[in-house]
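In: next input, structure requested:
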Amino acid sequence: MMAVGFLERWRRKRDQRRADAIISKEIERIAVESEADFRAIGGYSKKLTGPAKMALAYIQDNIARIPEPVVLNPERWDADNYLHTLFVDRKAIQGFLQSSKSLQSYFKAHKEARAVALMTADWQQKTIMGIEKEGEVARREVPQQAYYFEDHAIIEIDATLEKVRERLSNRILRALIVKVVMEIQGLQEWNQNLERERDLLELFVKNPHETGTASGENAEEERLADAKEMLLALENKERDLRNQIGDAHAQLQKVEQVLLNPEPLFTVQPITLHLNRLGIEVKQHSSDPAYAITLAKCEIVDQHQKAILWVQVER
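Out: Residues are numbered from 1 along each chain as shown. All right, here's what the predicted structure looks like:
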């Protein structure tokens, strides 16, 4: 029995090492592709493996909130409440399927008869004035919420739901890391622009007469004083930017902090809507006919609010 227990523990540790190695390699790939400065830190991918595992656990927990796949079949538009809500008519579904490069490329490269994908759409709602029925009483000019969805897109696609969930998890992990790297690179570019401005001002301050005009001595003194004031402001701003950018160790720490607390950058929230066939929300006390659908609302890394759901697509 002790030998069996030892063997089982050894296998778990082996599998864990393999899983950690996969995550570490993915971190290295992301860092290389994004040209992250923290690559200068020895063993950076191993340092980020633990935080990345925690981020992936959080991401996967959120992904599990997305409703089960909907069959993306134009002929089901009338009967399927999800399709009726997300698309204006069956032609819109047909047009989406035919125009999606992701779908076309996948089926061209694979032999499967069907695939599972993550579909996103911009979540839109507006207030309109309408009629609400409560029992036998019809109230007019009642504020109501109308929901509609635009700019549908396929984000990830694979043969099974399990595989596409894994692909989506890795995609979001990458987005979290790249966000930090791009913010730092944006600050670095800003700092470089300030350095060029400072060089020009320093040149003027050192040689004011070479760039002077015939506007008089007083005007030249004012220009020189303004230039010195601007130069001081630029130097202070550069110092502030350098502190924000930090060295490679500080940048690695920023990535680690984001991975340990990804919630502000990525959340999935299931929301159940009670709608009529026009996409207008029907309140619980109303006697108007309605159907209920549950969609996932997603917030991710500086993007517009999205409705997301799994879809099954036939070749």
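In: after whichever strand or helix holds residue 195 comes which helix or strand?
Out: Assigned by DSSP states H and E, residue 195 belongs to helix 161-206. As assigned by DSSP H and E, the chain's next helix or strand after helix 161-206 is helix 217-245.
In: mind checking how far that next one is from the chain centre?
Out: Remark: helix 217-245 is offset 38 Å from the chain centroid, using CA atoms, centre = their mean, to the nearest Å.
In: quickly list what residue 270 is bridged to.
Out: residue 296 (DSSP bridges).
In: can you give me every residue that contacts it?
Out: 65, 66, 67, 294, 295, 296, 297 (CB atoms under 8 Å, 6 or more residues apart in numbering). Where you see a C-beta, it was placed from the backbone N, CA and C, and this is true even at glycine.
In: spatially, which two of those residues are the most separated?
Out: The span of these, defined through CB to CB, is set by 67 and 297 at 11.6 Å.
In: who's in contact with the nearest residue to residue 112 once chain neighbours are set aside?
Out: Excluding the flanking residues, the one nearest residue 112 by CB to CB, 6 or more residues apart in numbering is residue 159, at 5.2 Å. Under the criterion of CB under 8 Å, 6+ apart, the neighbours of residue 159 are 110, 112, 115, 116.
In: switch to 10 Å and redo it
Out: 106, 110, 111, 112, 114, 115, 116 (CB atoms under 10 Å, 6 or more residues apart in numbering).
In: now do stretch 286-305: distance to the chain's middle.
Out: Counting by CA atoms, centre = their mean, stretch 286-305 comes out at 18 Å from the chain centroid.
In: ok, now stretch 109-123?
Out: 19 Å.
In: tell me the mean pLDDT for that stretch?
Out: Mean pLDDT, stretch 109-123: 93.
In: adjust the sequence numbering to begin at 42 for everything that follows.
Out: Shifting the count to begin at 42 puts that one at stretch 150-164.
In: now it - C-alpha only, PDB.
Out: Output of stretch 150-164 as PDB, limited to C-alpha atoms (Å, rounded to 0.1, in the frame of the first residue of the first chain):
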ATOM      1  CA  ALA A 150      -7.400  23.100 -42.700                       C
ATOM      2  CA  HIS A 151      -9.400  20.400 -40.900                       C
ATOM      3  CA  LYS A 152     -11.600  17.500 -41.900                       C
ATOM      4  CA  GLU A 153     -14.100  17.700 -39.000                       C
ATOM      5  CA  ALA A 154     -17.800  18.000 -40.000                       C
ATOM      6  CA  ARG A 155     -18.400  20.500 -37.200                       C
ATOM      7  CA  ALA A 156     -16.500  22.700 -34.700                       C
ATOM      8  CA  VAL A 157     -17.000  24.600 -31.500                       C
ATOM      9  CA  ALA A 158     -16.100  28.300 -31.300                       C
ATOM     10  CA  LEU A 159     -16.400  31.300 -29.000                       C
ATOM     11  CA  MET A 160     -18.500  33.900 -30.600                       C
ATOM     12  CA  THR A 161     -18.500  37.500 -29.400                       C
ATOM     13  CA  ALA A 162     -20.800  40.400 -30.200                       C
ATOM     14  CA  ASP A 163     -20.900  44.000 -29.000                       C
ATOM     15  CA  TRP A 164     -23.500  44.300 -26.200                       C
END
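In: nothing else from me, thank you.
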